[in-house]
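Chemist: predicted model, plus sequence, below.
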Amino acid sequence: MTIQLAHFKLHQKFVATYESASTAAFKHGRTETVRSCTNEAVAFVRTMTNASASDSDKANALRAAVTKHSELTKNGVMGQGFDRHLFALRAMAELQGIAVPEFYTLPAHQTMSKIILSTSTLSSPALEGGSFGPVNEDCYGIGYGIEQESSAFQLSSYRDDLPQLKELLVESIVDLERLLADTTPKK
């Protein structure tokens, strides 16, 4: 959610976001797409950037966004996403010489297909770093790892505003850390 928040603070808009979910549990499995710019993520960002929203409202919006994100990730890992299915249908039509369905030319499909935030969790005890490049000229490639006591982000882009995104990402992490510290009941 910090990535969505930082990007919105920089550009004041929501964009197509890709996050990989491993489908390695399936024979020849690779990845499925998690579309993490959900309605819940949008509501969270709007709440976080609303000066009159209470910390309780912000924390509730964060929890709703994280719950939805976790649900989509779980669905992706279980092969229940839609991106690879749509890709396969298009590829099969092209291989068979069938006209590609009009759906693939619709502006909505073209918008969701141009990934602006390409993200992936790189959390593993075997990794101390790593990242990947942007997938197009307007994209930010963001790899991240979250551990019990720390997190790390690796950012890449062809864009000139990557340093500003980095600063806003740090700011967003600090804001969420404070929010959670202030709204989580003490044990």
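Modeler: Here it is on my side, so go on.
Chemist: who does the host helix or strand of Ile3 touch, helix- and strand-wise?
Modeler: Taking DSSP states H and E as the criterion, Ile3 maps to helix 2-11. Where contact means 3 or more CB pairs under 8 Å, 6 or more residues apart in numbering; DSSP states H and E, helix 2-11 is packed against helix 39-48, strand 117-121, strand 140-146, helix 162-183. To be clear about C-beta, it is placed using only N, CA and C from the backbone, and glycine gets the same treatment.
Chemist: mind listing what's buried in the longest one?
Modeler: Same thing as helix 162-183. 162, 165-166, 168-169, 172-173, 175-176, 179, 183 (16 or more other CB atoms under 10 Å).
Chemist: export these to JSON lines and tack on pLDDT and distance to Gly143?
Modeler: Formatted as JSON lines, those follow (pLDDT from 0 to 100; distance: CB to CB, whole Å):
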{"residue": "Leu162", "pLDDT": "98", "distance to Gly143": "14"}
{"residue": "Leu165", "pLDDT": "98", "distance to Gly143": "14"}
{"residue": "Lys166", "pLDDT": "98", "distance to Gly143": "13"}
{"residue": "Leu168", "pLDDT": "99", "distance to Gly143": "17"}
{"residue": "Leu169", "pLDDT": "98", "distance to Gly143": "12"}
{"residue": "Ser172", "pLDDT": "98", "distance to Gly143": "17"}
{"residue": "Ile173", "pLDDT": "96", "distance to Gly143": "15"}
{"residue": "Asp175", "pLDDT": "97", "distance to Gly143": "21"}
{"residue": "Leu176", "pLDDT": "96", "distance to Gly143": "19"}
{"residue": "Leu179", "pLDDT": "97", "distance to Gly143": "24"}
{"residue": "Thr183", "pLDDT": "95", "distance to Gly143": "28"}
